[in-house]
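Novice: just coords:
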Ligand SMILES: CC(C)(C)c1nc(N2CCN(c3ncccn3)CC2)c2cc(C(N)=O)c(N)nc2n1
């Protein structure tokens, strides 16, 4: 009914029925990173509550989502356009398919080249923009072209430098993840507090990054491994492996387990090694990524609609049953 036809009691009753729904939807959206309702529905119901409370200020309650820190709950984060899109990755599921990727690629490239092998960290892709060496913006990958501005949240992540060792203007991309031990401890805390637990470290990282309140992000022990750049220009590196080393020099966290492969035999032994090593890693991985090592070759080969011709992910079978809390090595 139009607000003008309501009296204070009717308005208070309607508002009282809206609040728990909106609060639950918000928790699902921001904590679980698993929205249970379309943004449009959330926005419509939220707008109705705001209108009711504006028409009848006496019905406002402290737990109303309209009363949250920093004024009204924003229906979402500010959107960010990625000037250079964040690509997806093609994937293969067997060494035979990987060999086909290599055969196909070498048909189009006459000079020999190495691959750089990297662990495929199971987290959330993000992009960090620096101007003259100063961190100015952090954003999620989103759909590759439009992401969310999470600058305030990523400022709380220790492994993300606020100032680079050189005054570069560069946009660096990587993965934000939650280490397995931090994930287990967080779920233990949430379980003890009667809150819902996260299904896996990737959801926990996503939910922790997309918190409206940066103070919550700060206590979630997130970390990063950076692995790509929007534009190679500002860097000295001429290969993927040198770029990772240069990222380290600049102050970024990179995954140390990368390895240059001079043959597919090298790639296969890297895969076998980390397929065995996987349970002992401090963080989740869902495969490995192999990339043509020469950066000029990456540039020349470019990408198809959304995936680079010069890189492919080899996916492991889905993780075995998640580690039961009792089995986790507790780090005090
Ligand atoms: C720069 C390229 C495109 C080759 C690239 N893309 C990646 N990803 C793309 C797909 N991504 C994605 N995410 C969500 C939805 C669709 N695609 C998530 C990142 C990489 C991810 C990792 C990693 N996880 O450790 C890595 N070492 N290297 C990557 N390299």
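Specialist: Arrived safely. From a predicted model like this one, the values you see are computed outputs, not experimental measurements.
Novice: What is the subsequent helix or strand relative to the helix ranked longest in the chain?
Specialist: Secondary structure of the chain read by DSSP state H shows that its longest helix is helix 8-27. Sequence-wise, the next helix or strand downstream of helix 8-27 (DSSP states H and E) is helix 39-55.
Novice: Can you tell me the number of residues neighbouring residue 279?
Specialist: With neighbours defined by other C-beta atoms under 10 Å, the count for residue 279 comes to 9. (C-beta placed from N, C-alpha, C; glycine too.)
Novice: Wasn't it part of a helix?
Specialist: Yes - under DSSP: H, G, I helix; E, B strand; the rest coil, residue 279 sits within a helix.
Novice: still on that earlier bit, now do the buried residues in the longest helix of the chain.
Specialist: By neighbour count on 16 or more other C-beta atoms under 10 Å, the buried set for helix 8-27 is 11-12, 14-15, 18-19, 21-22, 25-26.
Novice: before we move on, what about stretch 282-295?
Specialist: Going by 16+ other C-beta under 10 Å, stretch 282-295 has these buried residues: 283-295.
Novice: Low-confidence ranges, the stretch 1-150 of the chain, go.
Specialist: 29-37, 68-76 (pLDDT under 70).
Novice: ok, which residues in it are in contact with the ligand?
Specialist: 87-89, 118, 120-121, 125, 141 (C-beta under 6 Å from any ligand atom).
Novice: do the same with the stretch 201-332 of the chain
Specialist: 227-228, 289, 291, 308, 311.
Novice: can you give me the helices for the stretch 51-200 of the chain?
Specialist: Per DSSP state H, counting those that start in this stretch, the stretch 51-200 of the chain carries helices over the ranges 95-108, 151-154, 180-192.
Novice: Out of those, which gets nearest to residue 174?
Specialist: Residue 174 lies closest to helix 151-154 among the helices of the stretch 51-200 of the chain, at 10.8 Å (C-beta to C-beta).
Novice: Not counting its own residues, what contacts the closest one?
Specialist: 126, 128, 135-139, 160, 176, 209-211, 214, 217 (C-beta atoms under 8 Å, 6 or more residues apart in numbering).
Novice: Ok, stretch 302-312 next?
Specialist: 85, 87-92, 98, 101, 105, 108, 144, 289-292, 297-298, 301.
Novice: Which elements pack onto the longest helix of the chain?
Specialist: helix 39-55 (3 or more C-beta pairs under 8 Å, 6 or more residues apart in numbering; DSSP states H and E).
Novice: Specify the angle between the helix it packs on and helix 8-27 in degrees.
Specialist: 140 degrees (axes from the mean of the first three to the mean of the last three C-alpha atoms, to 10 degrees).
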